[in-house]
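Student: Kindly return the folded structure for what I paste below:
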Amino acid sequence: MENQPLVSVIVPVYNEEATLRELLERLRRAPFRKEIIVVDDASTDKTPDILAEQPDIIAIRHERNQGKGAAIRTGIQYATGEVIIIQDADLEYDPNEIPKVVAPILRGEATVVYGTRFRRGMPRGMPLPNKIANIILAWAVRLLYRYPLTDEATCYKAFRTDFLRSIPLQCQRFEFCPEVTAKTLKRGVPILEVELEGYRPRLKREGKKIRWTDGVEALWTLIKYRFRG
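Tutor: Below is the predicted model of the structure:
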């Protein structure tokens, strides 16, 4: 594995003490060469203590809560790998699927790759409002950008590092996904999708933070960047 290209995994976290240890262990065991960059967005639970116990990761802390997008932008600054991929701190996504997501970039076949949860329809267990929001966002990309994307809001977004750094991101919260999607497609860069098989939806009672208002903001972000720079 020493001769494999390095993949930078950026993990934005906010109050994820319940799942953070297991997520980090799953990342460590996943079969690819990696650096793990965790950006703690001013957590108030035991997240900082858990991160202090992890000598093999890069841990950065925001002293003020700024949002997921801001945490990702911070993490990008510390990445040294050839490829960057985003990993949520919950257990919805299986790190063992990261190798197949980043593989087309490492082979020089793509610049941007998304892991799609919807290649075979909506996953079981996803709440109805989330299903509706995801359908609307995918169709918004088709209508606004004329691009047949199936999963705009997927967490598993992978980029060639130099390309991602070239995008002037402004996001603060969950609008990272629509902003990076919009700005990628406006540059004429195709987004390759690969199927995810291990996605497990997390419910609100399990700590899922995204709300219906974030879906509205995502839609507005897609519209805004279609007609702006």
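Student: Check which residues of the helix or strand harbouring Arg21 are buried.
Tutor: Element membership for Arg21, per DSSP states H and E: helix 20-29. Neighbour-count burial for helix 20-29 flags Leu20, Leu23, Leu24, Arg26, Leu27 (criterion: 16 or more other C-beta atoms under 10 Å). Where you see a C-beta, it was placed from the backbone N, CA and C, and this is true even at glycine.
Student: for stretch 221-229, same thing?
Tutor: So for stretch 221-229, counting by 16+ other C-beta under 10 Å, buried means Thr221, Leu222, Tyr225.
Student: I figured the first one was touching Glu179, is that so?
Tutor: Yes - if you go by C-beta atoms under 8 Å, Thr221 and Glu179 touch, sitting 5.5 Å apart.
Student: Let me know the next secondary structure element after the longest helix anywhere in the chain.
Tutor: When the chain is parsed with DSSP state H, its longest helix is helix 128-145. Counting by DSSP H and E, the next helix or strand C-terminal to helix 128-145 is strand 157-160.
Student: ok, residues contacting that next one?
Tutor: The contact list for strand 157-160 (C-beta atoms under 8 Å, 6 or more residues apart in numbering) reads 82-86, 98, 101-102, 105, 111-115, 177, 180.
Student: In this protein, what helix or strand scores lowest on average pLDDT?
Tutor: Least confident helix or strand of the chain, by mean pLDDT, DSSP states H and E, is helix 212-227 with a mean of 88.
Student: That one packs against which elements?
Tutor: helix 128-145, helix 176-186 (3 or more C-beta pairs under 8 Å, 6 or more residues apart in numbering; DSSP states H and E).
Student: Since that was my last question, I'll sign off now.
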